[in-house]
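> missing the sequence, but the structure's below:
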């Protein structure tokens, strides 16, 4: 049964598994662990661990594969696929110097994966690589992956400290576990069906080192009972750091798996209490030895705060790549308008900025005698018109509004809105591109919401420069400025999604995406800034920025798959709006970050310096971005020009 229910949470992390030993009675394994133990699935060996191909008697008169596993008929297909993750034999060592062991390992690995695929299992757990070199292991797995249709392979990796974090050079666990994973997945060409199952130990790496794993494809976290401490009542619990890690796993849809023996001497309880425990959660009457650990994991899950409404709205967009909107070139649809109009916080900030601008333009003693001319350029279906009129009412200022919109379909809605609200004497609707409208008078205040995820990617600089002639010399532009930011990220899922298209064109694309399973490798840095009015954008002049990022030294090695892009804007004076993580406007969902991928991921050593080059290029008809890495190794220059984005000038 699921660990609990949180509003809007449908992630796989609600389900907890248990690792079991070999037992050829699979119906009993499921009944004991699922029915009596309340686990949701088992990770179970499919083959007798005593089996070795080289030990089987060879009969020259008989051909075919020896019977190394039981029947698939003992469980229904739905039971195999829903409740069993296959566990490949742990003795396998494909990089052994012993040729017989190496050959046995390769034969057995292929047999077990083929059998698991035959059973329609969703996943198989691969054993930990035995040594520093795993080239042959990765080669065999890569070969197997080419023939798998849908089954996932989980590579078991112990979560250990890197060399820079431990002084214990005499233990096998001093090797950086991330390096093992990185080497393995590079050899397997970043295959999307290869994921990680982390073995969580009692000692954890640094916070920064742990953070890089959340950008990787992790499907499970295996907690040994030896990780658990004992609380004051004698029950198993986890340290504060382990608890925080578990919450991180829950938030990233990573399933918890319990493994090992009962290592706690649980307190005895009297039979009267046991007899009245309807949930069968009282120690002494539990039928499964690991139930106390499962109960504790469930307690951690249920103690988490419910998902906020904004996160429930965004959960379906997590790590989903979308093409950026191009409202200058394309007319938006009603559903798109409706989604953005629900972003209350954005319009609250705009209203605050307009209030301040109105008060600066008209003193209190002249509020009843002076009418401020305000133009909403790119009015859409009217949310900024409404915010402007509410600001006028709040400040007691008189207002005359021009709502300028190029989308004829939105103009229809605007006319209906003006009539419905009785704004006919205040609002004039102009069906025209703001850059070409011949206005009868100039504006005191020019309001727009042309900002994109990167600040300038919806051509706000070009549009507002084209509309600047509508503004008085001392007029106010809202927004008055905006800055784009980038930061390097590990984003294995996003990279694999781009790579799945099997062409360069998709790596030459910038995507809007609700970032979730990523690791941020350095703080964001500013790229381009635009000020209005008087920005004077030159359509023949490219903008260029070189940035240096320092990678945190205790992160350990990491891999960069691309850059996350954000923006921060000043609407007017101290009123800000943006999605740059350190200054982001809370409870706002109009803009997701933008993702600029790299064709080839780059491995970064601890404390490395990353040199990045970014260009915003212009021609008379369109705008595009180019980017590359120059150090520690060079990447090709990525160029969105061929994808024809940001067209419409």
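Now that the structure is in, tell me what you want to look at. These numbers were taken from a predicted model, which means no experiment stands behind them.

> would you list every one of the strands in the stretch 251-400 of the chain?
Applying DSSP state E, counting those that start in this stretch to the stretch 251-400 of the chain gives strands spanning 255-259, 371-377, 398-405.

> helices or strands next to the very next helix or strand once past the last one in the packing?
Proceeding N to C from strand 398-405, the next assigned helix or strand is helix 408-421, under DSSP states H and E. Judged by 3 or more C-beta pairs under 8 Å, 6 or more residues apart in numbering; DSSP states H and E, the packing partners of helix 408-421 are helix 334-341, helix 383-395, strand 398-405, strand 427-431. Heads up, the C-betas are built off the backbone N, CA and C, glycines and all.

> give me the low-pLDDT residue ranges for the chain?
Across the chain, the stretches falling below the confidence threshold (pLDDT under 70) are 1, 5-10, 57-69, 162-175, 190, 268-286, 535-541, 553-555, 642-649.

> From residue 599, how far out is residue 506?
The gap separating residue 506 from residue 599 is 10 Å, by C-beta to C-beta, to the nearest Å.

> Okay, buried residues for the longest helix along the chain please.
Among all segments of the chain classified by DSSP state H, the helix with the greatest residue count is helix 99-118. For helix 99-118, a neighbour-count test (16 or more other C-beta atoms under 10 Å) marks 101-102, 104-109, 111-113, 115-117 as buried.

> And stretch 618-635, by the same measure?
By 16+ other C-beta under 10 Å, the buried positions in stretch 618-635 come out as 618, 622, 623, 624, 625, 626, 627, 628, 629, 635.

> In strands, which of the residues you listed fall?
In strands, judged by DSSP state E, the following of the buried residues of stretch 618-635 are found: 618, 623, 624, 625, 626, 627, 628, 629.

> now the fifth one, nearest residue through space, not along the chain?
So that's residue 626. Nearest-residue entry for residue 626: residue 615, 4.2 Å, with adjacent residues in sequence omitted and distances by C-beta to C-beta, 6 or more residues apart in numbering.

> What count of nearby residues applies to the one you found?
Taking other C-beta atoms under 10 Å as the neighbour definition, residue 615 ends up with a count of 18.

> before we move on, the earlier item: please tabulate the strands of the stretch 251-400 of the chain in CSV, including the columns distance to residue 557 and mean neighbour count.
Written out in CSV, the entries for those read as follows (distance: least, C-beta to C-beta, whole Å; neighbours: other C-beta atoms under 10 Å):
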stretch, distance to residue 557, mean neighbour count
strand 255-259, 26, 24
strand 371-377, 49, 25
strand 398-405, 51, 22
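
> Need these in JSON lines (columns: distance to residue 329).
Supplementary listing: these in JSON lines, determined by distance: least, C-beta to C-beta, whole Å:
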{"stretch": "strand 255-259", "distance to residue 329": "43"}
{"stretch": "strand 371-377", "distance to residue 329": "17"}
{"stretch": "strand 398-405", "distance to residue 329": "15"}
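
> Find the nearest non-adjacent residue to the most centrally placed residue in the chain, please.
Most central in the chain under C-alpha atoms, centre = their mean is residue 516, positioned 1.9 Å from the mean C-alpha point. Counting by C-beta to C-beta, 6+ apart, the nearest residue to residue 516 once its immediate chain neighbours are dropped is residue 318, at 3.9 Å.

> Touching, that neighbour and residue 514? I think so.
Yes. Judged on C-beta atoms under 8 Å, residue 318 makes contact with residue 514 at a distance of 5.1 Å.

> could you check the angle strand 255-259 makes with the strand or helix carrying residue 221?
With elements delineated by DSSP H and E, residue 221 resides in strand 218-224, which encompasses its position. Between the axis of strand 218-224 and that of strand 255-259 there is an angle of 30 degrees, by axes from the mean of the first three to the mean of the last three C-alpha atoms, to 10 degrees.

> Would you mind identifying the next helix or strand past strand 218-224?
Sequence-wise, the next helix or strand downstream of strand 218-224 (DSSP H and E) is strand 229-230.

> about what we covered before: check whether the residue nearest to the centre of the chain sits in a helix, strand or coil.
Secondary structure state of residue 516, per DSSP: H, G, I helix; E, B strand; the rest coil, is coil.

> For it, give its distance to residue 592.
Taken as C-beta to C-beta, the spacing of residue 516 relative to residue 592 amounts to 10 Å.

> So in this protein, which strand runs the longest?
With DSSP E applied, the strand covering the greatest number of residues in the chain is identified as strand 558-572.

> can you give me the end-to-end distance of stretch 469-484?
Chord length of stretch 469-484, first to last residue, is 25 Å (C-alpha to C-alpha, to the nearest Å).

> how much distance is there from stretch 513-521 to the middle of the chain?
The offset between the C-alpha centroid of stretch 513-521 and the centroid of the whole chain comes to 4 Å, using C-alpha atoms, centre = their mean, to the nearest Å.

> Name the residues that touch that stretch?
The set of residues that contact stretch 513-521 without belonging to it, under C-beta atoms under 8 Å, 6 or more residues apart in numbering, is 211-217, 252-253, 314, 317-322, 487-494, 549, 551-552, 555, 558, 560, 564, 581, 592-595, 604, 610.

> hang on, the earlier thing: quick one: closest of the strands of the stretch 251-400 of the chain to residue 337.
With C-beta to C-beta as the criterion, residue 337 lies closest to strand 398-405 of the strands of the stretch 251-400 of the chain, at 10.8 Å.

> gap between that closest one and the chain center?
The mean C-alpha position of strand 398-405 is separated from the chain mean by 40 Å, C-alpha atoms, centre = their mean.

> who does it pair up with?
The pairing partners recorded for strand 398-405 under DSSP bridges are strand 371-377 (parallel), strand 427-431 (parallel).

> What lies in contact with it?
Strand 398-405 is touched from outside by 358, 367-368, 370-380, 382, 385, 388-389, 392, 411, 414, 418, 423, 426-432, 434, 437, 439, 443, with contacts defined as C-beta under 8 Å, 6+ apart.

> cool, stretch 432-440 as well?
Applying C-beta under 8 Å, 6+ apart, the set of residues contacting stretch 432-440 from outside is 375, 377, 378, 402, 404, 406, 430, 463, 466, 467, 470.

> Try it again at 6 Å.
377, 404, 406, 430, 466, 467, 470 (C-beta atoms under 6 Å, 6 or more residues apart in numbering).
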